[in-house]
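Asker: Below are the sequence and a predicted model; questions follow.
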Amino acid sequence: MTTEQCWEHLARGTVGRMAYVDRDGPVIVPLNYRVAEGRIWVRTASYDQLAIHLPHQQAAFEVDHVDEHAHTGWSVLVRGHAEHVVAGPGETPGDWPDPAPWPEGLRWMTFALFPTTVTGRVLHQADVSPATGQGRPGSIQRHPATPAGPASR
């Protein structure tokens with residue numbers, strides 16, 4: 001997937017997952033977001049773990065879509081560093097995107113993820129054939145649908 005296609009997919013979504021590291025290791029949290037100015041924008045509460053551990057840190061953000069019936073989908077991964085964008089309580093300046101969090105409670109802290117890399121992949125259904133003595137009974141073997149196989153990040 002091209003970088004432009006990745007941003008198009010990101011711009012259509014409203015929920016993704018932010019990954020960061022706290023004192024116990026990697027953490028991934030779902031949250032609402034918006035895309036503007038080549039950044040991912042999120043809001044959280046000042047007491048939330050995200051607000052405590054995200055500022056000035058490396059982080060990753062992922063959005064994807066999967067069609068389980070068709071065995072197809074796409075995934076976009078944004079890596080970069082997060083910065084707290086200063087604004088007053090309940091204030092999002094007019095030219096900033098409002099990520100509009102779904103959970104109850106006040107979420108006044110606005111963060112922007114400044115990307116260093118944006119990658120994506122499209123998932124295509126593989127050619128599935130019955131197992132031929134390999135694996136467990138009833139298992140299937142997957143063969144790439146194209147000579148190059150599924151796209152990778």
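Answerer: Noted; the coordinates are in hand. Numbering: from 1, shown residues only.

Asker: could you measure residue 39 against residue 118, distance?
Answerer: Separation of residue 39 from residue 118 (C-beta to C-beta, to the nearest Å): 11 Å. In short, each C-beta sits where N, CA and C put it, glycine included.

Asker: And for residue 117, nearest residue in space, chain neighbours not counted?
Answerer: Residue nearest to residue 117 in three dimensions, not counting chain neighbours: residue 79, with 4.7 Å by C-beta to C-beta, 6 or more residues apart in numbering.

Asker: thought that neighbour was touching residue 62?
Answerer: No - here residue 79 lies out of contact with residue 62, judged by C-beta atoms under 8 Å, at a distance of 9.7 Å.

Asker: quick one: common contacting residues for these two?
Answerer: Both residue 79 and residue 62 lack any common contact, where contact means C-beta atoms under 8 Å, 6 or more residues apart in numbering.

Asker: related to what we said a few turns ago, format the CA atom coordinates belonging to the strand or helix carrying the residue nearest to residue 117 as CSV.
Answerer: For residue 79, the host element (DSSP states H and E) is strand 72-85. Output in CSV follows, covering the C-alpha atoms of strand 72-85 (Å, rounded to 0.1, in the frame of the first residue of the first chain):
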residue,chain,number,x,y,z
THR,A,72,-9.6,-9.8,3.1
GLY,A,73,-8.7,-6.6,4.7
TRP,A,74,-6.1,-3.9,5.2
SER,A,75,-3.9,-2.6,8.0
VAL,A,76,-2.1,0.7,8.5
LEU,A,77,0.7,1.3,11.0
VAL,A,78,2.0,4.7,12.0
ARG,A,79,5.2,5.0,14.0
GLY,A,80,6.4,8.2,15.5
HIS,A,81,6.7,10.3,18.6
ALA,A,82,3.8,11.8,20.6
GLU,A,83,3.5,15.3,22.0
HIS,A,84,1.0,17.0,24.3
VAL,A,85,-0.6,19.9,22.5
